[in-house]
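Q: Give me the fold of what follows.
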Amino acid sequence: MDNIKITSGKYRGRSIKSPNSRLTHPMGAREKLALFNMISEYLPRAVVLDAYAGSGALGIEALSRGASYAMFVEKNPRITGVIRKNLAELGLAEQASVSEWDAKNFLPPRDFGVILADPPYDNFDLRGIENLAKFLKKGGVFTLSHPGEAPEINGLILQKTRKYAAARISIYTK
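A: Numbering: from 1, shown residues only. Sure, this is the predicted structure:
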């Protein structure tokens, strides 16, 4: 397994494990830092959804930066085991939950103030993204890492898009 560093906050400099899997694509440190700088005002005490969670790096970064709770959604059971281990090693298990769902069928028990979506680019499915967007609280922020142009997402307003190599990060609000 590879290691990913937490870039800021309470757990800055700590490492978490990333599954060695072609099913995940960890966001680069530069992109992750830019993403969290763009949404920093939304994080204190936020309830966060890390969708397509992979290692859980984005949700853990949000917790490190002051979010009160994070739910991690990943459909692969082997990968959810890595997320659980990362949370336990950082002492974050009480501030988080991990669910095995496909994004297009996800039905959470609550709405979220921040949704972090980093879906696989080779199988980008707007239906899953639009399903997740339904669970964003009014006044919340939805972040999407994606290839190509920023998609229109029903019920959300695109605020900005930044390009980083082949990836783009778009910020939406409700």
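
Q: who does the one helix or strand in the chain whose mean pLDDT sits lowest pair up with?
A: Every helix and strand in the chain was compared by mean pLDDT, DSSP states H and E; the lowest is strand 2-5, with a mean of 84. Strand 2-5 pairs in its sheet with strand 15-18 (antiparallel), by DSSP bridges.

Q: what's the offset of the strand it pairs with from the middle of its chain?
A: 15 Å (Cα atoms, centre = their mean, to the nearest Å).

Q: what's stretch 125-137 in contact with?
A: The contact list for stretch 125-137 (Cβ atoms under 8 Å, 6 or more residues apart in numbering) reads 49, 51, 102-106, 108, 110-113, 115, 117, 119, 142, 144, 151, 153-156, 172, 174. (Glycine included, C-beta is placed from N, CA and C.)

Q: List the buried residues in it.
A: With burial defined by 16 or more other Cβ atoms under 10 Å, the residues of stretch 125-137 counted as buried are 128-133, 135-136.

Q: now do stretch 100-115
A: Buried residues in stretch 100-115 (16+ other Cβ under 10 Å): 101, 103, 106, 108, 112-115.

Q: for it, what is the average pLDDT?
A: Looking at stretch 100-115 alone, the average pLDDT works out to 93.

Q: just stretch 134-142 next, same as before
A: Rounded mean pLDDT across stretch 134-142 is 97.

Q: swap in stretch 12-25?
A: Stretch 12-25 comes out at a mean pLDDT of 77.

Q: if we can go back for a sec, in strands, which of the contacts of stretch 125-137 appear?
A: Among these, DSSP state E puts 49, 51, 112-113, 115, 117, 142, 144, 172 in strands.

Q: Closest one to P19 out of those residues, please.
A: Among these, A51 lies closest to P19 (Cβ to Cβ), at 16.3 Å.

Q: Would you enumerate the residues in contact with the closest one?
A: So A51 contacts 73, 103, 106, 115-119, 128, 132 (Cβ under 8 Å, 6+ apart).
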